[in-house]
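> Give the three-dimensional model of this entry:
(4 chains)
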Number of protein chains: 2
Amino acid sequence: MVAGPTSAGPGKDRLRLWIRLLRASRTIEAELRERLKKEFDTTLPRFDVMAALYRSPEGMLMSDLSRFLLVSNGNVTGIVDRLVSEGLVTRARRNGDRRTSMVRLTEEGAKAFAAMAAAHEGWVGQLLGNVSEDEARRLTGMLKSFRSNWEGRE
Amino acid sequence: MVAGPTSAGPGKDRLRLWIRLLRASRTIEAELRERLKKEFDTTLPRFDVMAALYRSPEGMLMSDLSRFLLVSNGNVTGIVDRLVSEGLVTRARRNGDRRTSMVRLTEEGAKAFAAMAAAHEGWVGQLLGNVSEDEARRLTGMLKSFRSNWEGRE
DNA sequence: TTATAAAACTTTAAGCTTGAAATAATTGCC
DNA sequence: GGCAATTATTTCAAGCTTAAAGTTTTATAA
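Residues are numbered from 1 along each chain as shown, chains lettered A, B, ... in the order given. Presented below is the predicted three-dimensional model:
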């Protein structure tokens, strides 16, 4: 997914865009992963889950997390398991529907995340330093239109 | 890495851009992975390696592959192992430097890749259908500037 | 009711991924 | 030449990831 078009022709510009997009996100992701590991001894998936939970103090279902983070159900199970064993997150069984459990950050988890989020934002600002804030807004707008064309189709 | 900013403030626009970028590439990547699996019974990492090799008929060293694909050395070892066992790729020990081996697509591998690449390009064209070819070129240009600011630093 | 289906989640197997340690071969320097 | 440092690669342990199959609970409907 990271190599360029193998020839010229129509549609190549979109392919080139995709390659660029993928290389950009992989490069930045690798850098962030490395820093999260080095500075906070954690991983990107754990950070992702904590970020989602931080925005939902009332908690999230496993399936909410899965949908929001764009990863599979089973994946979330493993990550939450580890976060629970680290005391950063809790799984609360619900009375209403006993199939589900509400996942929440612990106080310690929220505190830990706040510190990581501040550093994380700084890193992103640095890594995307070449993009002006104005250009960032325009790019963001363009990227919004990606999904609509095909997602949600049957 | 997929959740949005937790508050407003300076630097937020770059963070928002990063979130968008990541969500876009994850969404597209997931779709491509699924189709590669369904249509060709293969994986994205295998496709990546084959794409890189397809562009280098003379072959690539393991370290070339690792650098080009932005993944670790050990990672490439495993993927190439599997491709070799499937008869799509060969590892040729070299006379000059016996630490290295030259990795090449087999004839079968090249044929298989050509078929996949054609389908792949069509998929990308479809998935990025909302982006005009013109806009694609502009976006690609913007993304090029990502690296220079911080990569290659010590 | 009471089967049947659907939903939420976990488990499993296979493969991907990293960073670190281990191997093996080459290079540089004295 | 001989030895330390470097380079290319593999191995390893831990964790991430998916798709598919399994479990438990809830909803549906005859």
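> Now stretch A:105-114: buried residues?
Neighbour counts using 16 or more other CB atoms under 10 Å in any protein chain shown place A:105, A:106, A:109, A:110, A:112, A:113 of stretch A:105-114 among the buried residues. C-beta: built from backbone N, CA, C; applies to glycine.
> Now for those residues: which two are most distant?
Distance extremes for those: the farthest pair is A:106 and A:113 at 10.3 Å, using CB to CB.
> shared neighbours, those two?
residue A:88 (CB atoms under 8 Å, 6 or more residues apart in numbering or on different chains).
> residue contacts, residue A:37?
Taking CB under 8 Å, 6+ apart, we find residue A:37 in contact with residue A:43.
> which element is it on?
Taking DSSP states H and E as the definition, residue A:37 sits inside helix A:12-40.
> what does residue A:104 give?
For residue A:104, the host element (DSSP H and E) is strand A:101-105.
> Can you give the distance from whichever helix or strand comes after that strand to the centre of its chain?
Per DSSP H and E, the first helix or strand lying C-terminal to strand A:101-105 is helix A:107-127. Distance of helix A:107-127 from the chain centroid (CA atoms, centre = their mean, to the nearest Å) equals 13 Å.
> looking at it, residue A:52 is touching residue A:67, isn't it?
No: using CB atoms under 8 Å, residue A:52 makes no contact with residue A:67, being 10.1 Å away.
> So these two - more neighbours on which side?
Neighbours were counted for residue A:52 and for residue A:67 using other CB atoms under 10 Å in any protein chain shown; residue A:52 has more, 20 against 13.
> which one of the buried residues of stretch A:105-114 sits closest to chain B?
residue A:113 (8.7 Å; CB to the nearest CB).
> list the contacts for the nearest residue to the closest one once chain neighbours are set aside?
Nearest residue to residue A:113, sequence neighbours excluded (CB to CB, 6 or more residues apart in numbering or on different chains): residue A:50, at 4.4 Å. By CB under 8 Å, 6+ apart, residue A:50 lies in contact with A:83, A:88, A:89, A:105, A:109, A:112, A:113, A:116.
> Please name the residues that touch the second one.
What it means is residue A:88. Per CB under 8 Å, 6+ apart, neighbours of residue A:88: A:46, A:50, A:105, A:106, A:108, A:109, A:112, A:113.
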